[in-house]
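S.K.: Quick one, fold the following:
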Amino acid sequence: LGRDKFLEKVWEWKGEKGGYITQQLRRLGASADWSRERFTMDDGLSEAVAEAFTRLHDKGLVYRGEYMVNWSPNLRTAVSDLEVEYSEEEG
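M.R.: Below you'll find the predicted structure:
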C-alpha cells in the first residue's frame, strides 16, 4: 500500500467517520472543551505525540518490550485481553 496511500486512506476514513465517537459522547452528555478536539494525524500533533513518548521513555514510564497484541483479522482491530480465549499451540 505504501505510506502515501495509507495516509490518503486515513484522511478519507476521518472525513467519513471521524466524528462518530465525539457525537456519541455529546449525546451522552459529556462536557468537554470540544474546540480543542484533535485528530491523531493533525499537523503538529504527530510531533507532539512523538515528543511525549520520548519524554515518557526517558523517564522510564514507557518501554519497548515483547508484548502480544490480540489482533482480530475478522474484526480488523485489536481485541481486549478479556475477550481472548488462550490455548497452547505447537509450532
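
S.K.: where does the closest residue to L1 other than its chain neighbours land in three-state SS?
M.R.: Nearest non-adjacent residue to L1, counting by CB to CB, 6 or more residues apart in numbering: K9, 7.7 Å away. Where you see a C-beta, it was placed from the backbone N, CA and C, and this is true even at glycine. Look at K9: counting by DSSP: H, G, I helix; E, B strand; the rest coil, its state is helix.

S.K.: and the gap between the spatially most central residue of the chain and Y86?
M.R.: Nearest residue to the geometric centre of the chain (CA atoms, centre = their mean): T40, 8.0 Å. For T40, the distance to Y86 (CB to CB, to the nearest Å) stands at 30 Å.

S.K.: what do you get for R3?
M.R.: Taking CB to CB, one finds R3 at 34 Å from Y86.

S.K.: for S46, same thing?
M.R.: With CB to CB as the criterion, S46 and Y86 are 34 Å apart.

S.K.: neighbour count winner among the two?
M.R.: A direct count of neighbours by other CB atoms under 10 Å for S46 and Y86 places S46 higher, at 11 against 8.

S.K.: Wait, a strand at the residue nearest to the centre of the chain?
M.R.: No: according to three-state DSSP, T40 belongs to no strand; its state is coil.

S.K.: residues contacting it?
M.R.: 46, 49 (CB atoms under 8 Å, 6 or more residues apart in numbering).

S.K.: redo that, cut-off 10 Å
M.R.: T40 is in contact with 10, 14, 46, 49, counting by CB atoms under 10 Å, 6 or more residues apart in numbering.

S.K.: L82 too?
M.R.: L82 is in contact with N70, counting by CB under 10 Å, 6+ apart.

S.K.: gap between it and W13?
M.R.: 27 Å.

S.K.: With Q23 instead?
M.R.: Q23 is 16 Å from W13, by CB to CB.

S.K.: can you list the residues that contact stretch 64-76?
M.R.: By CB under 10 Å, 6+ apart, stretch 64-76 touches 57, 77-84, 86.
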